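Predicted model, plus sequence, below.
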Amino acid sequence: MSYLGESIPKLGFGFMRLPMQGKAIDIGKTIEMTDAFIDGGFSYFDTAYVYYNGKSEEAIKAAVVDRYPRERFQLATKLPPWDAETADDAKERFWTSLKRTGAEFFDFYLLHNVSSAYVGIFDSFGLWDFVLELKEKGLIRNAGFSFHDKADVLDEILGKHPEMDFVQLQINYADWESPSVQSRKCYEVARKHDTPVIVMEPVRGGMLGDLLFPVVKSVFDEAGAGASYASWAMRYAASIDGLITVLSGMSTIEQVRDNVSFMKDFRPLDEGERAVVEKARKALESLPSVPCTDCGYCLPGCPAGVAIPEILEKLNRERVYNNPAGAKSGYLWEVEFGGKGSDCTECGNCEDICPQGIGIIELLKEAVAKYE
C-alpha cells in the first residue's frame with residue numbers, strides 16, 4: 001500500500017547549516033550546492049521561520065524558488081509559536097514565511113518542536129485547526145509537526161491529532177536506543193499510528209561523521225568499502241519503512257556530492273552492514289559519558305528550575321562526540337529562557353534522588369565553566 005511521500009527521493013536538503021560569508025549566508029555557495037542536489041535527482045528542501053532569523057527562508061527563495069519551476073521541488077517550513085504573545089502573532093508567521101520564500105504554497109508545513117513543554121501553546125493558540133484551514137485553502141499540501149520528546153507523549157499527540165499527515169523525528173543509530181531521545185520507540189509509535197516519517201538529525205548534527213572518536217571510526221574502517229562515516233549514518237536512517245525523506249543539513253559542496261553519491265541509487269543496509277553499525281553504536285556507548293538516563297527525577301525538587309538532564313546531555317555531546325562547539329551552542333539554546341547551570345543553589349536535592357548516583361553539582365559547574 002502506498003503512503004504519503006513514498007515517491008519522494010530519500011535525501012532532503014535542510015537549510016539550517018548553510019555556508020557562511022562572515023555573518024551572512026553565502027548565497028553563491030548555497031546555489032552551487034542546490035544545483036548539485038537537484039541535478040542528482042533530489043527535490044525536498046526544508047527550512048524554518050527561525051533558522052538564521054529568517055535568512056534561511058530568504059536563501060531558499062534565492063537558491064530554489066526563484067530559479068526552478070515549482071514542480072521541480074517540494075518545500076517545507078515550520079511555525080514556532082513559543083515566543084509569540086498572541087495566537088494572531090503566531091499565525092502571522094505563516095504569512096511571513098510565505099513572503100520570505102516567495103512560494104505560492106508549502107508542500108509540507110510543520111508545527112515546530114511540539115513537545116510536552118510547548119504543546120499547551122499549540123493547543124491554546126488553535127494552531128492544529130489553523131494548519132488544517134491553510135490546507136483547505138490550498139496554501140499547504142500536507143500538515144505535520146516536528147517532535148522532540150518521549151514516545152508516550154508522541155503517542156498521546158498522534159492519538160489526539162490523527163488528522164496530521166506526517167511527523168518529523170530525530171532518528172540515528174546513536175539515539176536509536178537512547179533513553180532520552182527514544183528514536184526507536186518514537187518511530188514505533190509513528191508506525192502504530194500509520195503516520196509517515198521525515199527523519200531529522202541522521203548524522204546528529206555532524207557528530208556521526210568525521211567528528212567521531214577513533215575507536216568508533218575504526219569499526220567502519222575495518223568494514224572496508226571506503227564509505228564516508230556520514231554515509232553509514234544516512235543509510236541507516238534511510239533504511240526504515242514509512243519514510244518520506246531523510247534531511248541532511250549540508251554545509252559544503254563536498255557534503256552534497258558525498259550524499260548524492262550513495263543516495264542517488266539508494267540501497268538499504270544489509271544484515272552485515274547493520275551488524276557493523278550496531279558494533280559502532282556499542283563503541284559509542286563505551287566512551288566515558290555521564291550516565292544520565294533523562295528519568296527526570298531530579299527536576300521537581302530543583303528550586304532554581306535548572307534544566308539538569310539537558311545540560312548533562314550537552315556535556316556528553318562534547319565527551320562522546322568530540323563536539324565542544326555543538327555542545328556550547330546546544331547549551332545556550334536550552335537555557336535561553338532560564339534554567340542555566342549557574343542558577344544552581346547547590347542544595348543537593350538532585351543528587352539525593354538521582355537513581356544513577358551522578359555528582360550533578362560538580363557537572364553543572366563544569367558546564368558553566370565551558371558554556372556560559
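Received it, and whenever you're ready, just let me know what you need. Residues are numbered from 1 along each chain as shown.

Which residue ranges of the protein form strands?
With strands called from DSSP state E, the chain shows them at 11-14, 20-21, 24-25, 44-46, 74-79, 106-114, 140-147, 166-170, 197-200, 243-248.

for the longest one, the distance to its chain's centre please.
Read it as strand 106-114. Its chain's C-alpha centre and that of strand 106-114 lie 13 Å apart, by Cα atoms, centre = their mean, to the nearest Å.

Can you give me the buried ones in that strand?
For strand 106-114, a neighbour-count test (16 or more other Cβ atoms under 10 Å) marks 106, 107, 108, 109, 110, 111, 112, 113, 114 as buried. Every C-beta, even on glycine, is put in place using the N, C-alpha and C of the backbone.

go on, stretch 18-29?
18, 19, 25, 26, 27, 29.

For those, give me JSON lines that also has distance to residue 91.
As requested, those are exported to JSON lines (distance: Cβ to Cβ, whole Å):
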{"residue": "18", "distance to residue 91": "27"}
{"residue": "19", "distance to residue 91": "32"}
{"residue": "25", "distance to residue 91": "27"}
{"residue": "26", "distance to residue 91": "32"}
{"residue": "27", "distance to residue 91": "29"}
{"residue": "29", "distance to residue 91": "34"}
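
Please produce JSON lines containing those residues, extended by distance to residue 76 and pLDDT.
JSON lines is the format used below for the buried residues of stretch 18-29 (distance: Cβ to Cβ, whole Å; pLDDT from 0 to 100):
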{"residue": "18", "distance to residue 76": "16", "pLDDT": "95"}
{"residue": "19", "distance to residue 76": "21", "pLDDT": "95"}
{"residue": "25", "distance to residue 76": "18", "pLDDT": "97"}
{"residue": "26", "distance to residue 76": "22", "pLDDT": "98"}
{"residue": "27", "distance to residue 76": "20", "pLDDT": "98"}
{"residue": "29", "distance to residue 76": "22", "pLDDT": "98"}
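
Name the nearest of those relative to residue 119.
Using Cβ to Cβ, residue 18 comes nearest to residue 119 of the buried residues of stretch 18-29, at 29.8 Å.

for the closest residue to residue 231 other than its chain neighbours, what are its contacts?
Leaving aside its chain neighbours, residue 231 sits nearest to residue 262 (4.8 Å; criterion: Cβ to Cβ, 6 or more residues apart in numbering). Taking Cβ atoms under 8 Å, 6 or more residues apart in numbering, we find residue 262 in contact with 227, 231, 234, 235.

again, only this time at 10 Å
11, 227, 228, 230, 231, 232, 234, 235, 238 (Cβ atoms under 10 Å, 6 or more residues apart in numbering).

and it, how far is that from residue 45?
20 Å (Cβ to Cβ, to the nearest Å).

cool, residue 297 as well?
Distance from residue 297 to residue 45, by Cβ to Cβ: 41 Å.

Of these two, which one has the most company?
residue 45 (26 against 16; other Cβ atoms under 10 Å).

Pretty sure residue 51 is one of the things that one touches, is it not?
No. Using Cβ atoms under 10 Å, residue 45 is not in contact with residue 51, being 11.8 Å away.

which residues do these two both contact?
In contact with both residue 45 and residue 51: 14, 15, 60, 77, using Cβ under 10 Å, 6+ apart.

Give me the pLDDT value at the first one.
pLDDT, residue 14: 97.

how deep is it tucked in, by neighbour count?
Other residues close to residue 14 by other Cβ under 10 Å number 22.

Please determine how far it is located from residue 327.
20 Å.

before we move on, what about the third one?
To residue 327, residue 60 is 28 Å away according to Cβ to Cβ.

Likewise for the second one?
Residue 15 sits 23 Å away from residue 327 when distances are taken as Cβ to Cβ.
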